[in-house]
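Chemist: what's the 3D shape of this:
(2 chains)
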Amino acid sequence: MLRDAMDQAKLAGATLHNFHGGLQLRHNKRISCELPIERAAPAERFYVPLLQQSGQEAQPIVAAGQHVLKGEAIGCVEHLGSGYLHAPTSGTVSAIGTHPISHPSGFDGRCVVIEPDGLNQWTELHPVDNWQQADPDVLRQAIRSAGIVGLGGAVFPTAHKVDEASRRGIHTLILNGAECEPYISCDEMLMREQPASIILGARILQRAVGARRTVIAIEDQMGAVHQALQHALRESAAAEIDIVKVTTIYPEGGEKQLIQVLTGLEVPSGGRPTDLGLLCQNVATATAVARAVTEGKPLVERIVTVTGSGVRRPRNLLTPIGTPISVLVEQSGGYADDAARLVLGGPMMGYALASDDNPVIKAANCILVLSSDEIRPPQPEMPCIRCGECARVCPAVLQPQQLQWTVRHGLWDETVSAGLADCIECGCCDFVCPSHIPLVEWFRHGKSELRRLEAERLAADSARQRFEAREARLDRLKQDRRRRMEEKKRALGDGQEKQKRIADAIERARSRRQENP
Amino acid sequence: MIRHFDTGGAPHFPPQTTVRSVMLQVIYALLPGVIAHAWFFGPGIVVQILLACGFALLFEASCLAIRRKPLKLFLGDFSAPLTALLFALCLPPLAPWWIALVGMFFAIVIAKHLFGGLGHNLFNPAMVGYVVVLISFPQFMTAWLPPLELASWAPTLGQVLSTIATGHPPGGLAWDAITGATPLDTIRSSVATGKMVSEARQAPIFGDFGGLGWEWIANWYALGGLWLLWRRIISWQIPVTMIGSVVLLGLAAYLADPGSNPAPLQHVFSGALVLGAFYIATDPVSGCASPRGRLIFGAGVGIITLAIRRWGAYPDGVAFAVLLMNMMAPLIDRYTRPRIFGQPA
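Modeler: This next block holds a predicted model:
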């Protein structure tokens, strides 16, 4: 069956399909697309969090007082073999200290603090010569050492994805230009202004993973983008790249949903797009790949949308990682009078930050400032009335109303069978719930509980295995001892023979004693 | 200068709907039918609705207070008035006041709060209340007035109030003198005495396809129901399969034996079928949640209603059918869960 699915996946984009549920949300992207992308104003101090993605934080490989150049490695994550952190500018490391790190938990974390010297001087760069002929291994190595992560917001290390893709073999690369969340326009502006670098990144990625074809998916509401990409495509004379417009329904930019729209296929539960012979990458990730390979530049900056009715002049800014958010807001005209919430990410999945002292991280596609009348007022949660709206809009075809019930009551077996792991946390269910139940919060809680239980189970399992091994060992020793005793007894024989041997032994002992009194 | 903000969970947009607005929209959708009811049968229905609402809010407030739940929040969700409204629409217009009292006690206290309150009731509260008073007080619950245009005696508002307050018709009139058989009663007793349905339908209480008056009330209910469908407050599955199963089975029975079976439209436009299809069986709390489950649920209510009308001891069976299907809803939901994205069939 998977074979057939692979063949069907090869036709990605030929016909478009639907996914279950979803929402038609007000777009709100236009407001941040009026001004061209501009470089962010230089910050007085950069705070580069050592934790940029879920999991382990990086180890700093610089010390306070050390001078660093832009692009120099300042942190590494050993077990990942990737996710290198690089200095966003040249300057002096003033401290490795605790600071807000723009993490969903709201906790502070360790940051490499850099005082810029104002020169913004690059370290020595090592581009790949002639990537068209380069070994795919070399290309993947360049991606790995550039610290590139998925820039759509998931920040999964790109090196991992391309390694897995090249190991398993894929036929089609999908570049995701369908920003699903309202307000966020950094990918749209990137595609409009730098289409050539996206095409270039697509061709490099294609070579790095051995794909035959690339599909660039954009939303049907992005008029200028299509023209720009088409033009760049003609210029590059790349034949194996197609641009496909998809209808704008949230969460179409989700990897699984986009693949379903393009191929009609579902990524298997617990599986990866590579199961269908596909690799999905965000368009901004592709440009980061192009820069890493052709210029040797690591990922030290990204485009950030600063928008919402809480800022006066919404726009997109090319921002070094570690820039405090306050700098971006100031450059966007400052806060409007009724700015009430600061969100990192979009309005559906983004998380609220407690202050604008938080720095821009690799995952920061959008800084959204919402005014007081745009946000959800604090409201009491009502009981679920089982209206089923959540199930109607769920793109994972879950029954959130029943799922939340199993999570709430800790029925973990049922939670697993009800598909908690398949929840993509898009927030559609939350959005339509008349009882205002924080469903996604419950599901996140459920997922972390399941992880904890799994860890406990593993720990208990290994403890039990150790105990059982010990019991078995003691048992074996006991058996050995008994066997030896029995062998000795058997060696003695029985009846007269036995009596005689005993008597002989006593005699021997006695004579020995007489010899040595 | 560092600026601080309040945090809150995603999504950050204000909510689209509230429980209160869902309940209110259902109430609005019923209003045209209520007005039609008053038009054809007099103001009794309005008095019953007000009485039932009053008792419902009283019981709701008491239960909430005992359970230490926030009064304002839950009284403002309009679920109790909606239950009261649906219950009152099933009452004969001159039923004495304590019918509403008993009905609402069982609906709100027993069926709703003893099961855990809003969202936790296994059975449709309005139907529990209705079935209790139907079984307990058959004399009053069958005292239906004929449509005003056929009535020899049309009560004034004062007479309506005094009848409801005292439990006796005014001026020493007997109940028999002022009430009449409903269309479903008529068909039932005619068929039982060996008459043809077509003969029974000669009675003046019949209209074009249902009961005189009743068919128009049903039309207005249906119109409100379509509005609810359009507003996506209810989903299409239950009304379609409930009415559809009645029409299809009713048609088969009618074609097989037109003498003892009424035409399918007669079934649809009699009794509480349209009200049930759009407003009662669609109660999300006590019904099915999955789309396929809702198809089965609606068809089940329709089939059981027909069976009760044909073979049961009561002329109409919507309330019993809804309660029976309520019992099965969790089981149906369990076996009709849609395939999760990416999981094998």
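Chemist: Write out the residues of the stretch 151-300 of chain B neighbouring chain A.
Modeler: Proximity of the stretch 151-300 of chain B to chain A is confined to B:232, B:235, B:284, B:285, B:287, B:289, B:290 under the rule Cβ under 8 Å from any Cβ of the partner chain. The way it works is simple: take the backbone N, C-alpha and C, and place the C-beta from them, glycine included.
Chemist: what's around the fourth one, how many residues?
Modeler: Close neighbours of residue B:285, defined as other Cβ atoms under 10 Å in any protein chain shown, add up to 23.
Chemist: Kindly report the same for residue B:313.
Modeler: Applying other Cβ under 10 Å, we find 7 other residues in the vicinity of residue B:313.
Chemist: ok, now residue A:373?
Modeler: Here the number of neighbours of residue A:373 (other Cβ under 10 Å) works out to 10.
Chemist: Pretty sure it sits against residue A:336.
Modeler: No. Residue A:373 is not in contact with residue A:336 according to Cβ atoms under 8 Å; the separation is 11.4 Å.
Chemist: before we move on, back to that, tell me the one of the residues of the stretch 151-300 of chain B next to chain A nearest residue A:34?
Modeler: Here the nearest of these to residue A:34, counting by Cβ to Cβ, is residue B:232; it sits at 35.1 Å.
Chemist: how about the strands in the stretch 351-500 of chain A?
Modeler: Under the criterion DSSP state E, counting those that start in this stretch, strands of the stretch 351-500 of chain A are mapped to A:351-353, A:366-371.
Chemist: Quick one: closest of those strands to chain B.
Modeler: Ranking the strands of the stretch 351-500 of chain A by their distance to chain B (criterion: Cβ to the nearest Cβ) puts strand A:351-353 first, at 3.8 Å.
Chemist: what comes into contact with the closest one?
Modeler: By Cβ atoms under 8 Å, 6 or more residues apart in numbering or on different chains, the list of residues contacting strand A:351-353 from outside reads A:100, A:102, A:104, A:106, A:325, A:341-345, B:5-10, B:12.
Chemist: and if you look at stretch B:291-299?
Modeler: Contacts made with stretch B:291-299 from outside it, assessed by Cβ under 8 Å, 6+ apart, are listed as B:235, B:237-242, B:244-245, B:277, B:281, B:287-288, B:325, B:328-329, B:332-333, B:336, B:338.
Chemist: if we go to 7 Å?
Modeler: Surrounding stretch B:291-299, the residues in contact under the criterion Cβ atoms under 7 Å, 6 or more residues apart in numbering or on different chains are B:235, B:237-242, B:245, B:281, B:287-288, B:325, B:329, B:332-333, B:336, B:338.
Chemist: need the residues of the stretch 401-517 of chain A near chain B, please.
Modeler: For the stretch 401-517 of chain A, the residues in contact with chain B (Cβ under 7 Å from any Cβ of the partner chain) are A:401, A:419, A:422, A:427, A:430-432, A:434-436, A:438, A:440-441.
Chemist: change it to 8 Å
Modeler: Residues of the stretch 401-517 of chain A lying close to chain B (Cβ under 8 Å from any Cβ) are A:401-402, A:418-419, A:422, A:427, A:430-436, A:438, A:440-441.
Chemist: which one of those residues sits closest to residue A:135?
Modeler: Compare each of those with residue A:135 using Cβ to Cβ and the shortest gap goes to residue A:422, at 38.0 Å.
Chemist: Tell me how far the closest one lies from residue A:447.
Modeler: Distance, residue A:422 to residue A:447, by Cβ to Cβ, to the nearest Å: 11 Å.
Chemist: Sort out which of the residues of the stretch 151-300 of chain B next to chain A are buried, if you could.
Modeler: Buried residues within these, defined by neighbour count using 16 or more other Cβ atoms under 10 Å in any protein chain shown: B:235, B:284, B:285, B:287, B:289, B:290.
Chemist: In the chain, where is pLDDT below threshold?
Modeler: Reading this off chain A. Along chain A, the parts satisfying pLDDT under 70 run over A:1-3, A:54-55, A:79-83, A:517.
Chemist: For chain B, what is the nearest residue in it?
Modeler: Each residue of chain A has a distance to chain B, by Cβ to the nearest Cβ, and the smallest belongs to residue A:383, at 3.4 Å.
Chemist: Which parts of chain B belong to which domain?
Modeler: Residue ranges for each domain of chain B read B:19-179, B:226-336, as given by automatic domain parsing.
Chemist: quick one: which of those domains is nearest residue A:122?
Modeler: Evaluated with Cβ to Cβ, the domains of chain B place domain B:226-336 nearest to residue A:122, the distance being 56.2 Å.
Chemist: any idea of the mean pLDDT for the closest one?
Modeler: Domain B:226-336 comes out with an average pLDDT of 92.
Chemist: Helices of the stretch 101-250 of chain B, start to end?
Modeler: In the stretch 101-250 of chain B, helices defined by DSSP state H, counting those that start in this stretch lie at B:125-136, B:138-141, B:157-166, B:175-178, B:183-192, B:197-200, B:214-230, B:237-256, listed in chain order.
Chemist: possible to save the ones you listed as TSV with distance to residue A:259 and mean neighbour count?
Modeler: Formatted as TSV, the entries for the helices of the stretch 101-250 of chain B read as follows, by distance: least, Cβ to Cβ, whole Å; neighbours: other Cβ atoms under 10 Å in any protein chain shown:
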stretch	distance to residue A:259	mean neighbour count
helix B:125-136	45	24
helix B:138-141	59	14
helix B:157-166	64	16
helix B:175-178	70	14
helix B:183-192	55	20
helix B:197-200	59	16
helix B:214-230	33	20
helix B:237-256	29	19
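Chemist: rewinding a little: and the contacts of strand A:351-353, which of them are in helices?
Modeler: Secondary structure from DSSP state H places residue A:325 of those in helices.
Chemist: Per the annotation, how does chain A divide into domains?
Modeler: When chain A is parsed with automatic domain parsing, its domains come out as A:1-28+A:145-296, A:319-374, A:376-517.
Chemist: can you pull the contacts of residue 51?
Modeler: With no chain named, the answer covers chain A. A:57, A:58, A:101, A:103, A:109, A:110.
Chemist: other chain: chain B
Modeler: Residue B:51 sits next to B:88, B:97, B:100, B:164 when contact means Cβ under 8 Å, 6+ apart.
Chemist: Who wins on neighbours among those residues?
Modeler: The residue in the contacts of residue B:51 with the most neighbours, by other Cβ under 10 Å, is residue B:88 (30 neighbours).
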